[in-house]
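**Q** below is the sequence, then the predicted model.
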Amino acid sequence: MDLQTLKNRYDIIGNDGKLLIALNKAIQVAATDLSILITGESGVGKDVFSRIIHDNSLRKHAHQGKGLISVNCGAIPEGTIESELFGHVKGAFTGADKDRRGYFEEADGGTIFLDEIGELPLSMQVKLLRVLENGEIIPVGSSVSRKVNVRIVAATNVDILAAVRNGRFRDDLYYRLNQISIYIPPLRERRDDIPLLFRKFSSDVAEKYKMPPIFLTDDARSYLMGYPWYGNIRELKNLTEQIAVVETERTITRSILQNYLSYVPEEKMPAVVEGQSAFNPAAISDRELLLKALSMGQMINEMRSEINELRQALTQLAHGGSLIHGGEASRIDNPVSNLPVADPAAGHDAATVPVPAYNPVDGGSRSAEPDEEFQYSEVIEDEPLALDERERRAIMLALDRHKGNRRLAAQELRISERTLYRKIKEYNI
C-alpha cells in the first residue's frame, strides 16, 4: 500500500518528513510479529498507528475482524488490572461468580494494543514479561497457565528510558517491547501541516452540521502555526469545531483565535537541547520536568537569607545597635542625642568631641541581650528539601496558581493529566 492510499484510508493529513518516516516504518513492520513500542505525546494519534499495524498484518482477520483489542493501562485500577488482562476463575475473589476471559485471551490470534504502558504497575510488568517470553498467562485464582498467541503493540507518552533508570519500569520488559520503535512527532514539529489539518476539520464540521466552512486570514494562519499545541491534533480539532459552531463570522482572524487560545511567550517555553525537540518525550522525564519547575528554588532561598540578614541589620539600627564594617564599629542612635557636645573643661569644642562607639560588653546603656523585636521576627531557614517534597510542592503551587484546574496545572508542569492525577493520589494532595 502506498503512502497516499494509507493516508486517505485513515484520514491522516500532513506531509511532514518525520510523520512520513513513522508511517513507512509502520507499514514495513506490520507483516511481522515483532513487538512494537510507539512513543509520542498525548493527542498525536498513537491509536491510529496501532490500527495501521494490525490492519496490514496477517492477524487482521482473526476472530472475524475483532483481532485488535485496545487497552488503556492507565485507566484500569491497580487492584483489578491483572483480572482485566489475564481473566479470572470462579471464586478467585469476592464477586467472581463465574470464569471470565481477560483481554489477552480475547485477542488470541490477533493483536493487543497496550496504551499508556508506562503506567503499568511493577507487579504487572513481571507477568507481562512472561507473556512476551513464553506466550503464557495465568488467570487470577488459577494455578494452570494458558497459551495465547498475541502480538503486542505498546504505546507511551512518558520518557520510558527515564522510568527504567528510576526503577519504575523494568529494563528487561522495555527491551522485549522495544523490538521496533516508532516515534510520532508532536504537532509543533509539523508546523506546515497545521493549516491543512484546520481546513480538514473545518470541512468535516461544515458537512456534519450543514453550515459554511470557516477560513483563516494570513495573520491567523501564522498565529496557529506558532502556537505550541500541548494537546496536539486533539486540541486543534476541538478548537476548530468550537470556533466553527460558536462564531458567526466565517473568516477567522488572529483576534478571534486569541479568544480561544492562550499563547505562551517564547521565553517561557522549555529550552531546546541541540539535536532534540524540547518536547520530545524521550528527552526528559516527568520528575525531571517537575524539578525544572523548581529550578529557581535555590535562588529564592538565597534571597530569603539575604532578606533575613537585612531585617536583622535594620532592627539593630532602629534601636541603636552596632554594625561592623571593615572591623570598625559604628552606631546610629537618636540623631539629636548623638550630636557632639562641647566640654570646655576637657578642652574640646563641638567639632572635636569624641563619640564612643556602643559596645554592650563594657557596660553600654543597652542590654547585651538580642533585641526583643528581632528575636521574635520571622526567620526563614534555608532547609534542603527531599526530592519527593520538592515534587509535591511543585504540584501544590501549580494547582494553587490555577485554582485547582488540573488540566492547566498539568500543562504548566509539562506532564500528562493522568500522571498529575497519579501524583496527587501518591502525595495525598
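**A** The structure has been received and is ready for your questions.

**Q** show me the shaky parts of the stretch 251-400 of the chain.
**A** Counting by pLDDT under 70, the stretch 251-400 of the chain shows low-confidence ranges at 262-303, 305-306, 313-314, 316-386.

**Q** in stretch 169-180, which residues are buried?
**A** 169-170, 173-174, 176-178, 180 (16 or more other CB atoms under 10 Å). Where C-beta positions appear, they are placed from N, C-alpha and C, glycine not excepted.

**Q** again, but for stretch 5-20
**A** 6-7, 12-14, 16, 19.

**Q** from those, which two are the most distant?
**A** Within the buried residues of stretch 5-20, Leu6 and Asp16 form the most distant pair, 14.8 Å apart (CB to CB).

**Q** now secondary structure, distance to Gly110 and pLDDT too, for the buried residues of stretch 5-20, in CSV please.
**A** Putting those into CSV (DSSP: H, G, I helix; E, B strand; the rest coil; distance: CB to CB, whole Å; pLDDT from 0 to 100) gives the following:
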residue, secondary structure, distance to Gly110, pLDDT
Leu6, helix, 20, 93
Lys7, helix, 24, 94
Ile12, coil, 23, 95
Ile13, coil, 28, 95
Gly14, coil, 29, 94
Asp16, coil, 31, 95
Leu19, helix, 26, 96
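
**Q** for the residues you listed, which one is nearest Leu216?
**A** Taking CB to CB as the measure, Leu216 lies nearest Ile13 of those, at 15.2 Å.

**Q** which strand or helix spans the closest residue to Asp172 other than its chain neighbours?
**A** Leaving aside its chain neighbours, Asp172 sits nearest to Leu129 (6.2 Å; criterion: CB to CB, 6 or more residues apart in numbering). Leu129 is located in helix 122-134, with elements delineated by DSSP states H and E.

**Q** skip ahead from that helix and say which helix or strand is next.
**A** Following helix 122-134 toward the C-terminus (DSSP H and E): strand 136-137.

**Q** can you give me the offset of that following strand from its chain's centre?
**A** Relative to the chain's own centre, strand 136-137 is displaced by 34 Å; criterion: CA atoms, centre = their mean, to the nearest Å.

**Q** next secondary structure element downstream of that strand?
**A** Sequence order places strand 146-147 as the next helix or strand after strand 136-137, per DSSP H and E.

**Q** quick one: work out the angle between the very next helix or strand once past that following strand and helix 122-134.
**A** Counting by DSSP H and E, the next helix or strand C-terminal to strand 146-147 is strand 151-156. Compare the direction of strand 151-156 with that of helix 122-134 by axes from the mean of the first three to the mean of the last three CA atoms, to 10 degrees and you get 150 degrees.

**Q** check which helices and strands strand 151-156 sits against.
**A** Contact partners of strand 151-156 among helices and strands, from 3 or more CB pairs under 8 Å, 6 or more residues apart in numbering; DSSP states H and E: strand 36-39, helix 46-55, strand 111-115.

**Q** what sits up against that strand?
**A** With contacts defined as CB atoms under 8 Å, 6 or more residues apart in numbering, strand 151-156 is touched by 33, 35-40, 46-47, 49-50, 53-54, 57, 59, 110-118, 131-132, 177, 281.

**Q** and the angle from that strand to strand 111-115?
**A** Using the same axes, to 10 degrees: strand 151-156 against strand 111-115 is 10 degrees.

**Q** now strand 151-156: average pLDDT?
**A** For strand 151-156, mean pLDDT rounds to 96.

**Q** change the start of the numbering to 233 and stick with it
**A** Let's use 233 as the start, then, which means that last one is strand 383-388.

**Q** give me the sheet partners of it and which way each runs.
**A** Sheet pairing here is set by DSSP bridges, and for strand 383-388 it gives strand 268-271 (parallel), strand 343-347 (parallel).

**Q** now these in JSON lines, with distance to Asp331, mean neighbour count and mean pLDDT?
**A** As requested, the strands paired with strand 383-388 are exported to JSON lines (distance: least, CB to CB, whole Å; neighbours: other CB atoms under 10 Å; pLDDT from 0 to 100):
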{"stretch": "strand 268-271", "distance to Asp331": "31", "mean neighbour count": "24", "mean pLDDT": "97"}
{"stretch": "strand 343-347", "distance to Asp331": "20", "mean neighbour count": "24", "mean pLDDT": "96"}
